[in-house]
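> Give me a model of this one.
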Amino acid sequence: MKKHNIFKVVLITILVLMLLTWILPAAYYQNGYIDQGRIQMGLFDLFNYPITTISYFGYLALYVLVVGGLYGVLNKISAYRVFLDKLVATFKGKEKIVLSVLMVLLAVLTSVCGLQIGLVVFIPMLISLILLMGFDKTTAALAIVGSLMIGVAGSTFGYTNTNVIASTLGTKITSEMISKIVILIAGMALLIMNTMFYIKKAGKTKKTTKKTAAKKTTKSAAKTKDVVVSKDDEYVPAKVSGRKKVTVWPLAVMICLLFVVLVLSFISWSGAFNVKAFENATKSVLEFKLFGFAIFGKILGSVNAFGAWTATEMIVVTVLTTLLLSFIYKVNFDDMIDGFVEGAKKAALPALVVVLAYTCLVIATYHPFQLVIYKALLGMTKGFNIVTGSIVAIISSAINVDPSYTFQSVLPYLTSVVTDKAAYPVVGLVFQSVYGLTMLVAPTSIILMGVLAYLDIPYTKWLKTIWKLFVELFVVLLVVFLIVVLV
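Next up, the predicted model:
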C-alpha cells in the first residue's frame, strides 16, 4: 500500500462512510429530532459526489494547484534558491531554535487569525527551508501540520474557527480565553518537545546506518549532530550554478508583502475586534466614481474587505504574485507557463486529496446518519459530560472535515439536550480544541493529508510518529476541561 498511500486512505474513508449509510438510519435536527429512516448511498453516488464537491469546494483544490504553480515558477527563478540558502546560512548552528520559533509563529498566527488554510501558500517554501536546514520530511510535516492544528485547538481570535460556536451557543469569542491560551501554550510546548525527540531519535538511527555504509555524507552533514540530512531534492529548488550575481531583495520584499496581505486579510477585524476601518475603506474604493463611473469597482469586481477573505481571494493574489515575480526576474512567458504547469502537476495529488476529503462532508450531508450516533452518546449522561462530549467532538470533526460544518452538525441538537447555558462556554471550548486535536490524525484532515500526499509520507508512518503527541495533548485537554468545570 506504499504507492499512492494517502489517496487510498481517503478512498477507504469514503467507502466506510458509504457503508455507514446502509447501517445507520438518517436523522436531522430542526426544532426537534426528525428520524428519516435509512438513506443509502448508491454506487453512482460514489462517482457523482466528487463532482458535487468540486462545485462547492473546488476553489480550495484550485488554491492548492495555483500555489503549486507559483512554486513551479519560483523554481525557474535562481533568486529563490539563493534566498533560501542565505536564510539557511543565517540560521546555521541554530536550526533547532529556528524550527521551534517557526512552530510557535505558525501556531500563534492560526490561533489569532484562523490562518490554517491561508498559510498553504507558504507551506512549500517552509518545507524546502526545513529540508535545507538538514531535517527530514517527517520533521517538516510535524512542524507544519502540528503547529497549524495546535493553533486551531487553541484558537483565540481565529473567527473562522470559532464563529459558528459563538453564534450557535450564544457565547462570546472571548469566552474561556484563559483556557484557550493555556491549551495553545501547552500544545506548542508538547509539539516542540516531541519534534525534538523525533529529531534526536532519527539522528541516532541515521548515525547507526552510516557506520555500516560508505562515507557519502557532505561537509555540512558532518557538522550537524542530531539533525537528519535530507536527500529529498524534489522538494528543494535546484542549486544555482555559476558565479553570476543574483538580486534577492525583490523576491524577499514580495514574500514579505504576501505575508502581510495574508495576515491583514484573514484577521476578522469586524467579527473579532469590531474594527470597521477596512470595510469602510473597501466600500469607499469600490464606490469611488470618476466622471460618474465607478472605475475601481468595475476593475476590481467583487472583492471582500480585509478580514473577510477566503482562499478564493488568495487564488487571485497568488496568481498576481506569480506574474509579478516573473516580470521582475524576466522569466519569459513560455518558461513561466511551463513552470506553472510543472508546479501544478506536483500539487495535483494534494488537490485531489482535498476534493476527496470534502466528499466525505458531502456524503454526511446528503445521508445524515451521524446525528444518530451523537444522540446515543449524548443520551448516556445527564447534561454535558466531558468524556462523551469529547468523543462526539472527535467523531463529528473526522466526518465533517471543516470546523464550521463540524459544529453545525451537532451543536444545534446538543443545545436541545444540554439546556444549562452556563455550560455552553465549556461546550464551545471542548468542540473547538478537540477539533484541532482530531485533525492531527483524521484521514479527512485536508492540511494533514495534503502535506502527507505532497511529501509522500505513508499515513501509517505518520500515525506511528504522532500518536504520543496526540495522547499527551488529549490528556492536557481533559485536565483543562476538568479544571474549568470544577472551578
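> contacts for stretch 314-329?
By Cβ atoms under 8 Å, 6 or more residues apart in numbering, the list of residues contacting stretch 314-329 from outside reads 59, 62-63, 66-67, 69-70, 73-74, 77, 79, 118, 121, 250-251, 254, 258, 261-262, 265, 331, 336, 340. For glycine as for every other residue, the C-beta is placed from the backbone atoms N, C-alpha and C.
> and with 6 Å instead?
Outside stretch 314-329, the residues within contact range by Cβ atoms under 6 Å, 6 or more residues apart in numbering are 62-63, 66-67, 70, 73, 77, 118, 121, 250, 254, 258, 336.
> Okay, strands next: where are they in this structure?
Assigned by DSSP state E, the strands in the chain fall at 26-29, 33-37.
> what about Val248, neighbour count?
Applying the criterion other Cβ atoms under 10 Å, we find 17 residues in the vicinity of Val248.
> OK, contacts around it?
Applying Cβ under 6 Å, 6+ apart to Val248 gives the contacts Ala79, Val82, Phe83.
> one more time with 7 Å, if that's ok
Ala79, Val82, Phe83, Lys86 (Cβ atoms under 7 Å, 6 or more residues apart in numbering).
> any idea which residue of this protein is furthest from its center?
Relative to the centre of the chain, the most outlying C-alpha is that of Phe291, 45.4 Å out, by Cα atoms, centre = their mean.
> Check what pLDDT that one gets.
Phe291 is assigned a predicted lDDT (pLDDT) of 77.
> follow-up on the earlier one: give me the buried subset of the contacts of Val248.
Neighbour-count burial (16 or more other Cβ atoms under 10 Å) applied to these gives Ala79, Val82, Phe83.
> got these as JSON lines, with distance to Val355 and pLDDT columns?
Listed next are the buried ones among the contacts of Val248 as JSON lines, based on distance: Cβ to Cβ, whole Å; pLDDT from 0 to 100:
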{"residue": "Ala79", "distance to Val355": "34", "pLDDT": "93"}
{"residue": "Val82", "distance to Val355": "36", "pLDDT": "92"}
{"residue": "Phe83", "distance to Val355": "32", "pLDDT": "94"}
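> With pLDDT and distance to Thr438 added, can I get the contacts of stretch 314-329 in TSV?
Putting the contacts of stretch 314-329 into TSV (pLDDT from 0 to 100; distance: Cβ to Cβ, whole Å) gives the following:
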residue	pLDDT	distance to Thr438
Leu62	96	26
Tyr63	96	23
Val66	97	28
Val67	96	25
Leu70	96	30
Val73	95	35
Ile77	93	39
Gly118	91	21
Val121	95	24
Pro250	93	42
Met254	94	36
Leu258	93	30
Met336	94	40
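> With respect to Trp309, which of those residues is nearest?
Nearest to Trp309 among these is Gly118, at 7.6 Å by Cβ to Cβ.
> if we can go back for a sec, and the two most separated of the contacts of stretch 314-329?
Taking Cβ to Cβ as the measure, the contacts of stretch 314-329 span a maximum distance of 26.9 Å, between Leu62 and Pro250.
> Between the two, which is the more surrounded one?
Under the criterion of other Cβ under 10 Å, the comparison of Leu62 against Pro250 puts Leu62 first, with 17 against 14.
> Can you get me a residue count around Phe293?
Phe293 is surrounded by 10 other residues when neighbours are defined as other Cβ under 10 Å.
> Would you mind measuring from it to Gly343?
Summarising the geometry, the distance separating Phe293 from Gly343, computed by Cβ to Cβ, to the nearest Å, is 38 Å.
> what does Leu437 give?
For Leu437, the distance to Gly343 equals 32 Å [Cβ to Cβ].
> try Leu129
Here the criterion is Cβ to Cβ. By it, Leu129 lies 17 Å from Gly343.
> neighbour count winner among the two?
Neighbours were counted for Leu129 and for Gly343 using other Cβ under 10 Å; Gly343 has more, 24 against 21.
> For the more buried one, give its distance to Thr312.
On the measure of Cβ to Cβ, Gly343 and Thr312 end up 20 Å apart.
> which residues of the stretch 151-300 of the chain score low on pLDDT?
Across the stretch 151-300 of the chain, the stretches falling below the confidence threshold (pLDDT under 70) are 204-233, 240-244.
> Now Gly72: closest residue in space that isn't a chain neighbour?
Spatial nearest neighbour of Gly72, chain neighbours left out: Gly343 (2.1 Å); criterion: Cβ to Cβ, 6 or more residues apart in numbering.
> about what we covered before: from the contacts of stretch 314-329, which single one is nearest Ala166?
In terms of Cβ to Cβ, no member of the contacts of stretch 314-329 lies closer to Ala166 than Gly118, at 20.6 Å.
> Quick check: the closest one vs Gln370, distance?
Between Gly118 and Gln370 the distance, using Cβ to Cβ, works out to 28 Å.
> ok, back up a step: ok, and which of the strands of the chain has the densest surroundings?
Each of the strands of the chain was assessed for mean neighbour count using mean count of other Cβ atoms under 10 Å. The highest is strand 26-29, with a mean of 18.
> what comes into contact with that one?
Identification of contacts with strand 26-29 by Cβ under 7 Å, 6+ apart yields 33-39, 367-369, 371-372, 412-413, 416.
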